[in-house]
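> sharing a model that was predicted from the sequence below.
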Amino acid sequence: MATSKTWVIGDVHGCIEQLWALVEKINPGPEDRLVFCGDFLSRGPDGAACVRFAREWGALAVQGNHDRKYTDERPKSNKVRQSHFDALTEDDKEWLRNLPKSLDLGNGWQVIHGDKAFSGEGNLVHGHIVYSSVIREKCADGTESWGIDTGCVYGGKLTALCCETREVVQVKGKRYSDSEKVSSRACQNQLVLSV
Ligand SMILES: [Mn+2]
């Protein structure tokens, strides 16, 4: 029986120190996989370092709306942080450009960034929408939908979810950016996990 774990990590937004701390806490084995929900860049201190970390690890990732803004030849949006843009190599940009919008992890789980509708099957993990705590939604068909962007770059937490065991590992973030909108919605069919 396979014992490997798949860890999905929420929006990092340049928080490289928290990413190192999180991965150290997870302590992944050689069989384990790291998967990113996208948004490596913008807002925090060092987006390019986060991209490089994922690339060197051989991690899987989906493309976040912020990542896409860094794949142009020149920044077209004022949300692009020039220092992050300048630190990216052509290879980094190529990697970002080729990231898929959704990923089927092959274990009954799918990953999307979260800024688009999803019509795949199985359990779903997304980032993009900032929650004050990890959100686990039970859908009518028995599948689960997890929101794991807990606002690391706004002084919340950086979250990793293990698909196979539902373990949640978190490290404390730092307030590098003012919060745009933090949702604390907890609807009937949602379970807010206070971890
Ligand atoms: Mn984001």
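Yep, it's here.

> the helix or strand that contains residue 161: how far from the chain's middle?
According to DSSP states H and E, residue 161 maps onto strand 157-162. The chain centre lies 8 Å from the centre of strand 157-162; the measure is Cα atoms, centre = their mean, to the nearest Å.

> and if you look at stretch 116-132?
Worked out by Cα atoms, centre = their mean, stretch 116-132 lies 11 Å from the chain centre.

> got the buried residues for it?
For stretch 116-132, burial by neighbour count (16 or more other Cβ atoms under 10 Å) applies to 123-132. C-beta coordinates here come from the backbone N, C-alpha and C atoms, glycine included.

> next, the distance between the ends of it.
By Cα to Cα, to the nearest Å, the extent of stretch 116-132 from end to end equals 21 Å.

> and stretch 82-93, by the same measure?
Using Cα to Cα, the distance between the terminal residues of stretch 82-93 is 14 Å.

> what lies in contact with that stretch?
Applying Cβ atoms under 8 Å, 6 or more residues apart in numbering, the external contacts of stretch 82-93 come out as 14, 41-42, 46-49, 51-52, 55, 70-71, 75, 96.

> residues of this structure that sit close to the ion?
Residues of the chain lying close to the ion by Cβ under 5 Å from the ion are 11, 39.

> mind doing that once more with 8 Å?
Neighbours of the ion within the chain, by Cβ under 8 Å from the ion: 11, 13, 38-39, 42-43, 64-66, 113, 127-128, 130, 149.

> out of these, which are inside strands?
Among the residues of the chain next to the ion, the ones falling in strands (DSSP state E) are 127-128, 130, 149.

> distance to residue 89 for these - can I get that in a markdown table?
A markdown table is the format used below for those (distance: Cβ to Cβ, whole Å):
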| residue | distance to residue 89 |
| --- | --- |
| 127 | 24 |
| 128 | 26 |
| 130 | 29 |
| 149 | 26 |
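
> by mean pLDDT, which helix or strand of this structure comes out lowest?
strand 190-193 (a mean of 46; mean pLDDT, DSSP states H and E).

> sorry, back to before: please work out the average pLDDT along the strand holding residue 161.
Mean per-residue pLDDT for strand 157-162: 98.

> neighbouring contacts of it?
5-10, 12, 15, 18-19, 21-22, 26, 125, 134, 146, 148-152, 167-173.

> so the next helix or strand after that strand versus strand 157-162, what angle?
For strand 157-162, the succeeding helix or strand toward the C-terminus, using DSSP H and E, is strand 168-172. Going by axes from the mean of the first three to the mean of the last three Cα atoms, to 10 degrees, strand 168-172 is angled at 160 degrees with respect to strand 157-162.
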